[in-house]
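> Can you look at this prediction? I've put the sequence above it.
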Amino acid sequence: MKVNELKAKAAIDSLEGEIVSIGEVRSFANDRGSGKVANAALKDDTGEVKMTLWNEQTEQVKEGDKVKIEEGWCSEYQGQIQVGTGKNGKLTVLE
């Protein structure tokens, strides 16, 4: 799948791209637990999309890394498409 094929509220089988930026890591706490979260930007040859990094993912990747999201999820927040691993997805840093 490519960035230009993403649709909100849809599963992502597989998406590869390069991390072009990572925002500040923030702590969060809610009724489901607590942890860390950061916003990032993921780019491929068709475009760029916002990406959410959760907990250990905030330390797993750095700008310039090529990554692969498997079994992820695409959502929409404030009118912008965002991707992440969701509950059951996997984020892998590619060599």
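Sure, I can see it.
> Helix or strand: which one has residue 74?
Using DSSP states H and E, residue 74 sits within strand 66-77.
> List the strands paired with that strand, with their directions.
Next to strand 66-77 in the sheet, as set by DSSP bridges, lie strand 10-22 (antiparallel), strand 80-84 (antiparallel), strand 90-93 (antiparallel).
> next one: it to chain centre, how far?
Strand 66-77 sits 5 Å away from the centroid of its parent chain (Cα atoms, centre = their mean, to the nearest Å).
> Give the buried residues for that strand.
In terms of neighbour count (16 or more other Cβ atoms under 10 Å), strand 66-77 has its buried residues at 67, 69, 72, 73, 74, 75. Quick note: C-beta positions are derived from backbone N, CA and C, even for glycine.
> May I see the strands paired with strand 66-77 arranged in a markdown table, with distance to residue 60 and mean pLDDT as well?
Below are these laid out as a markdown table (distance: least, Cβ to Cβ, whole Å; pLDDT from 0 to 100):
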| stretch | distance to residue 60 | mean pLDDT |
| --- | --- | --- |
| strand 10-22 | 10 | 97 |
| strand 80-84 | 13 | 96 |
| strand 90-93 | 6 | 97 |
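> Turn these into a markdown table, columns for mean neighbour count and distance to residue 41.
Formatted as a markdown table, the strands paired with strand 66-77 follow (neighbours: other Cβ atoms under 10 Å; distance: least, Cβ to Cβ, whole Å):
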| stretch | mean neighbour count | distance to residue 41 |
| --- | --- | --- |
| strand 10-22 | 16 | 5 |
| strand 80-84 | 18 | 10 |
| strand 90-93 | 14 | 15 |
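> Between those, which one is closest to residue 49.
Comparing the strands paired with strand 66-77 by their distance to residue 49 (Cβ to Cβ), the top pick is strand 80-84, with 5.6 Å.
> circling back to that earlier point, please identify which of the strands paired with strand 66-77 is closest to residue 2.
Evaluated over the strands paired with strand 66-77, closeness to residue 2 peaks at strand 10-22, with 7.7 Å, by Cβ to Cβ.
> Brilliant, that's me finished.
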